[in-house]
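Undergrad: what follows is a predicted structure for the sequence shown.
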Amino acid sequence: MATATALRDDIDEILPGVVADRRDFHEHPELANQEVRTAGIVAERLRALGVEDIRTGIASTGVTGLIRGRKPGPGRTVLLRADMDALPIPEENDVEYRSQNPGVMHACGHDAHTAMLLGVTRLLLDRRDEFAGTVKVLFQPAEEFPPGGAKPMIDAGVLDDPKVDAAFGQHIAQEHPVGEIWVRTGPAMAAADRFHMVIKGKGGHGARPQGTIDPIVIGAQIVVALQTLVSRSIDPTEEAVVTVGTFKAGEAFNVIPDTAELGGTVRTFTAANRDFLEERIEKLARGIANAMGADLAFRYIRGYPATVNDPAMTDLVREVAAAVVGPDNVHESPLMMGAEDFSYFLEEVPGTFWFVGSKNEERGLIWGHHHPRFDLDEASLPVGMETMVNVALRYLNEGA
Ligand code: NI
């Protein structure tokens, strides 16, 4: 750990600048893959600070830079990641730093993630004598918009040159009070996939069903049959969801339509369950449709994979977090059915993704992520920065 008081003094000193950055990003939110202004400010800051090997325009607007430690040691490289994109939501907050971009809002806290990582960069640059190895800071586009920005950045080579040994990321969490940190070992956030099917029957008069193939009746059977996958085929101690969210068919009450369309979402936490459901949803739907004389067009679209935190890295974060906010304020995060594309980094290298509480009921900062009144308690920013700086130092100097 860095000397806690010295680090806290430094954080207090830079905090007004970090808050100003966060509010500036909040005021000028940019949608996925359009983070041109944000990425420009990030790159400019990194240059001014003296970060090495700054690379820009990676997978649209991604930025990376290196901070090289000066202490002799094992020479590992750790990646610290922030996402930069906002959401297509009109802001309803009446604050000084309200969005100036109509219909676009930082309603998930990525403004805070970006501002915090700029602060962390500065703090680590000032501590180059205290660590061995290299910190790679990474500012990512398009977390909110699958296929996301993480995978294209990895494909562009951000985990090489120098080769990254571990990756860490954090997310502001309005579910939890400011001053708390939530971590989870192993699977933490779900894989989020999508399916779409068209049942191709044969329409006709509603009063003369003979000779027709009714896609609505077939679709209804498929919806019911899909409910058996999680309840009857998945290990009951594991979590999964199959939801049919759309069922579109027919225009007239007395007409049997030609086709019916079903769409839905699938959430899983393991590769085995994900593969299983992808295969079984299609087999079940096709089997029912064919048995009843219809054809089926089926598409399964994979979204982000499950976010799986490495046990040793998560223990490291847990210990660091306990020193930052006190052991009583570090909690085991529940499984989350939402998805996050930091998962792609964790598929390649060990690491962990944790949550920094930002809710403050007394101040009315209670609205959740993606809500038009979402806002966070900025007292979460020093907590996130202190945690991330110490996670990097601890990993580079001692390993997990
Ligand atoms: Ni987010």
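TA: Now that the structure is in, tell me what you want to look at. For clarity, every value in this text was computed on a predicted model and none was experimentally measured.
Undergrad: can you pull up the most central residue in this structure?
TA: By C-alpha atoms, centre = their mean, the chain has its centre lying nearest to Glu340, at 2.2 Å.
Undergrad: quick one: residues contacting it.
TA: Listed by C-beta atoms under 8 Å, 6 or more residues apart in numbering, the contact set of Glu340 reads 143, 171, 189, 304, 307, 353. Every residue, glycine included, has its C-beta placed from N, CA and C.
Undergrad: turn those into TSV, columns for secondary structure.
TA: Formatted as TSV, the contacts of Glu340 follow (DSSP: H, G, I helix; E, B strand; the rest coil):
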residue	secondary structure
Glu143	coil
His171	strand
Met189	strand
Tyr304	coil
Thr307	strand
Phe353	strand
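Undergrad: now the helices for the stretch 101-250 of the chain?
TA: Here the stretch 101-250 of the chain has its helices, by DSSP state H, counting those that start in this stretch, at 110-125, 150-155, 215-228.
Undergrad: for those, which one ends up most surrounded?
TA: helix 110-125 (a mean of 26; mean count of other C-beta atoms under 10 Å).
Undergrad: want to try JSON lines for the helices of the stretch 101-250 of the chain, with distance to Tyr300 and mean pLDDT as columns?
TA: As requested, those are arranged in JSON lines below (distance: least, C-beta to C-beta, whole Å; pLDDT from 0 to 100):
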{"stretch": "helix 110-125", "distance to Tyr300": "29", "mean pLDDT": "98"}
{"stretch": "helix 150-155", "distance to Tyr300": "18", "mean pLDDT": "98"}
{"stretch": "helix 215-228", "distance to Tyr300": "13", "mean pLDDT": "98"}
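Undergrad: quick one: these as TSV, columns for distance to Arg286 too.
TA: Shown next, in TSV, are the helices of the stretch 101-250 of the chain (distance: least, C-beta to C-beta, whole Å):
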stretch	distance to Arg286
helix 110-125	40
helix 150-155	29
helix 215-228	9
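Undergrad: quick one, which of the ones you listed is nearest to Gly206?
TA: helix 215-228 (10.4 Å; C-beta to C-beta).
Undergrad: what helices and strands are in contact with the closest one?
TA: Identification of packing neighbours for helix 215-228 by 3 or more C-beta pairs under 8 Å, 6 or more residues apart in numbering; DSSP states H and E yields strand 191-200, strand 240-249, strand 259-268, helix 271-291.
Undergrad: ends of stretch 225-232, what's the gap?
TA: 10 Å (C-alpha to C-alpha, to the nearest Å).
Undergrad: residues in contact with that stretch?
TA: The contact list for stretch 225-232 (C-beta under 8 Å, 6+ apart) reads 240-242, 244, 264, 277, 280-281, 284-285, 288.
Undergrad: circling back to that earlier point, turn the helices and strands packed on helix 215-228 into a markdown table, including distance to Ile58.
TA: Listed next are these as a markdown table, based on distance: least, C-beta to C-beta, whole Å:
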| stretch | distance to Ile58 |
| --- | --- |
| strand 191-200 | 24 |
| strand 240-249 | 34 |
| strand 259-268 | 29 |
| helix 271-291 | 27 |
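Undergrad: now render the ones you listed as a markdown table, adding distance to Asn33 and mean pLDDT.
TA: Below are these laid out as a markdown table (distance: least, C-beta to C-beta, whole Å; pLDDT from 0 to 100):
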| stretch | distance to Asn33 | mean pLDDT |
| --- | --- | --- |
| strand 191-200 | 19 | 98 |
| strand 240-249 | 26 | 97 |
| strand 259-268 | 23 | 97 |
| helix 271-291 | 26 | 98 |
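Undergrad: how about JSON lines for these, with mean neighbour count added?
TA: As requested, those are exported to JSON lines (neighbours: other C-beta atoms under 10 Å):
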{"stretch": "strand 191-200", "mean neighbour count": "21"}
{"stretch": "strand 240-249", "mean neighbour count": "15"}
{"stretch": "strand 259-268", "mean neighbour count": "21"}
{"stretch": "helix 271-291", "mean neighbour count": "17"}
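Undergrad: distance-wise, check Gly264 relative to Val244.
TA: Distance from Gly264 to Val244, counting by C-beta to C-beta, to the nearest Å: 4 Å.
Undergrad: quick one: low-confidence residue ranges for the stretch 1-150 of the chain.
TA: Residue ranges of the stretch 1-150 of the chain with pLDDT under 70: 1-3.
Undergrad: for Glu238, which non-adjacent residue is closest in space?
TA: Leaving aside its chain neighbours, Glu238 sits nearest to Asn273 (6.3 Å; criterion: C-beta to C-beta, 6 or more residues apart in numbering).
Undergrad: and Met116, by the same measure?
TA: Excluding its sequence neighbours, the residue lying closest to Met116 (C-beta to C-beta, 6+ apart) is Gly384, at 4.8 Å.
Undergrad: contact partners for the one you found?
TA: With C-beta under 8 Å, 6+ apart, Gly384 has these contacts: 112, 116, 170, 172, 356.
Undergrad: from the residues you listed, which two are the most distant?
TA: Among the contacts of Gly384, the pair separated by the greatest distance (C-beta to C-beta) is Ala112 and Gln170, at 9.7 Å.
Undergrad: quick one: the residue lying closest to Arg128 once chain neighbours are set aside from Asp295, how far?
TA: If the residues on either side of it in the chain are set aside, Arg128 comes closest to Arg70, at 4.9 Å by C-beta to C-beta, 6+ apart. Arg70 sits 67 Å away from Asp295, going by C-beta to C-beta.
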